[in-house]
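# one predicted model, sequence on top.
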2 protein chains.
Amino acid sequence: MRHKIGISIIGAGRVGWHLGQALSAAGFSIHEVWSLRQSQARLLADKLPEAAVSPSLDFSQSKAQLFLLTITDTAVEGIARQLQLPKGSLLAHTSGSLPLSALQGAAATYTGVFYPLQTFSKEKEVNFSHIPFCIEGSDSAALLLLEAVASSLSHKVVRMDGEQRRQLHLAAVFACNFSNHLLRIAHELLEAGNLPPDLLHPLIEETLQKALRLGPAQAQTGPAIRGDATVIEQHQKLLFRQPEWAQLYKLLSDDIRKKYLPNE
Amino acid sequence: MRHKIGISIIGAGRVGWHLGQALSAAGFSIHEVWSLRQSQARLLADKLPEAAVSPSLDFSQSKAQLFLLTITDTAVEGIARQLQLPKGSLLAHTSGSLPLSALQGAAATYTGVFYPLQTFSKEKEVNFSHIPFCIEGSDSAALLLLEAVASSLSHKVVRMDGEQRRQLHLAAVFACNFSNHLLRIAHELLEAGNLPPDLLHPLIEETLQKALRLGPAQAQTGPAIRGDATVIEQHQKLLFRQPEWAQLYKLLSDDIRKKYLPNE
């Protein structure tokens, strides 16, 4: 089924790549694709039955109602200001960290945020149905339109304001970016011990499943929560060549002890 | 099939509980179970067709050849010294952080380490087949016996010395215990923003799958690796009420930047 809402995608990076194809598959007409690199826009447009590559940021003749900005955060304000848009159009960015007001210089009738909370790789297909969409709108018309579009892709559509989205993004940095870095540290420690890096994989997977099932507070184990000073001291000594990691070890262990053994 | 090797389990906590049942299911005779809390030993022995509860640490009349110490780390040296064991017996502990020499006061002919690299919960069944077993022995007879027993439970049996096991345990603390704590911090940040804690689950799962598939160095994303000073500063400000988390944020971001942008 074709929806009445027409969409243009501005930016053909990883988010635009997956979102454009998913929206097209969900029945929306994607009218134009724009990218600073036209070859990228061409690759994406070739995947979309009705899309043309837009040669410029002049969309004043476009038949689209929704314009999705899927470009990198730092470019959003500048590009938004250069866009020429038809009357009655809704311009939304897809960033977790930018406020709605990043679009205030744009000539759009409505503005909004349409933020899919996921990490995308170009080579891997995305199933959007369980990905939360975080929605914000300049008014209820914008909110309702963005909710309708998001609901056609995902079961999980959440309204939130810019402050909540910033907090969510901060939480994601801890839960994902920083956890990933701890995995890298672990890999390097294994390599330094001439141990295969995949040795820890079963334990890592089980730990995560436990954290998601029980909640991380219930799932915490290890020397810090046991108050095992002998092991903690031994580990600190093993890290004598990596003072930053020793500091990280101490900070994390202290924080765990403080949370679980507050009266110590 | 019944194996010729008889086993006794000393300690009926989470490790003893799962290991005892798995070894019994794999065809080994479990002769005795001992625990400081006899009721615990009884619960486990009731699950094992041939096992009796041992009332004391005197195993001199036991028909077992292998004695597995599955008690808490801090009790290992003391209990090992009190054990009375038959001639020719092999005593092995199951700890990731204790050296083999923790058993040197024991009256065993052979000693070893039999360390399953996993986190156990009593309420959840364990499939040992993919769990790495880390094996060390006082000599080749001990090594071969422990390898044979481990191989009957798991496809992944690895010989390593005490130094490697310590390094592995340290890596596990980073990859599992500390990652779990970062998930807890993320949960608390979500709660502070009135956001549902499961909002991040799809992103957390995808991040982990990516890290295991590509390796964490390839999978790293986020403001630190992008060198996005604006977002980093914004996040630091959001953490003004949690100075420890702000410090953690800075330390982790600096370490990421140093790894990926070493010439900056």
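That came in fine, so what should we check first?
# close to chain B: what parts of the stretch 1-150 of chain A are there?
A:73, A:74, A:97, A:117, A:118, A:119, A:121, A:130, A:131, A:132 (Cβ under 8 Å from any Cβ of the partner chain). Any C-beta I mention is one placed from the backbone N, CA and C, and that applies to glycine too.
# out of these, who's nearest residue A:228?
Comparing these against residue A:228 with Cβ to Cβ places residue A:119 closest, at 34.7 Å.
# would you map the helices across chain A?
A:14-25, A:38-45, A:73-82, A:140-151, A:162-172, A:179-192, A:201-214, A:216-219, A:223-226, A:229-238, A:243-260 (DSSP state H).
# mind showing which ranges of the stretch 1-150 of chain A have poor pLDDT?
Within the stretch 1-150 of chain A, the segments meeting pLDDT under 70 span A:1-3.
# and the residue of chain A positioned farthest from its centre, how far from chain B?
Here chain A reaches farthest from its C-alpha mean at residue A:230, the gap being 40.0 Å by Cα atoms, centre = their mean. Distance, residue A:230 to chain B, using Cβ to the nearest Cβ, to the nearest Å: 8 Å.
# show me the contacts for that residue.
residue B:74 (Cβ atoms under 8 Å, 6 or more residues apart in numbering or on different chains).
# go again using 10 Å as the cut-off
Residues near residue A:230 by Cβ atoms under 10 Å, 6 or more residues apart in numbering or on different chains: A:223, B:73, B:74, B:97, B:98.
# okay if I get those as JSON lines plus distance to residue A:12 and neighbour count?
Formatted as JSON lines, those follow (distance: Cβ to Cβ, whole Å; neighbours: other Cβ atoms under 10 Å in any protein chain shown):
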{"residue": "A:223", "distance to residue A:12": "48", "neighbour count": "24"}
{"residue": "B:73", "distance to residue A:12": "55", "neighbour count": "18"}
{"residue": "B:74", "distance to residue A:12": "59", "neighbour count": "13"}
{"residue": "B:97", "distance to residue A:12": "51", "neighbour count": "21"}
{"residue": "B:98", "distance to residue A:12": "56", "neighbour count": "24"}
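# what number of residues lie near residue A:28?
Counted with other Cβ atoms under 10 Å in any protein chain shown, the neighbours of residue A:28 add up to 23.
# so it sits against residue A:150, correct?
No: using Cβ atoms under 10 Å, residue A:28 is not in contact with residue A:150, being 11.7 Å away.
# how many residues are close by the spatially closest residue to residue A:89 that is not a sequence neighbour?
Counting by Cβ to Cβ, 6 or more residues apart in numbering or on different chains, residue A:89 lies nearest to residue A:108, which is 5.3 Å off, once chain neighbours are set aside. Residue crowding around residue A:108 was assessed by other Cβ under 10 Å; the count is 22.
# what about the residue nearest to residue A:179 when sequence neighbours are not counted, distance to residue A:55?
Nearest residue to residue A:179, sequence neighbours excluded (Cβ to Cβ, 6+ apart): residue B:179, at 4.4 Å. When distance is defined by Cβ to Cβ, to the nearest Å, residue B:179 is 47 Å away from residue A:55.
# and these two? which has more neighbours close in?
residue B:179 (27 against 10).
# residues in contact with the more buried one?
A:174-175, A:178-183, A:186, A:204, A:207-208, A:211, A:216, A:252, B:173, B:204, B:208.
# quick one on the thing from earlier: distance to residue B:155 added to the contacts of residue A:230, as JSON lines?
Formatted as JSON lines, the contacts of residue A:230 follow (distance: Cβ to Cβ, whole Å):
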{"residue": "A:223", "distance to residue B:155": "29"}
{"residue": "B:73", "distance to residue B:155": "27"}
{"residue": "B:74", "distance to residue B:155": "32"}
{"residue": "B:97", "distance to residue B:155": "25"}
{"residue": "B:98", "distance to residue B:155": "25"}
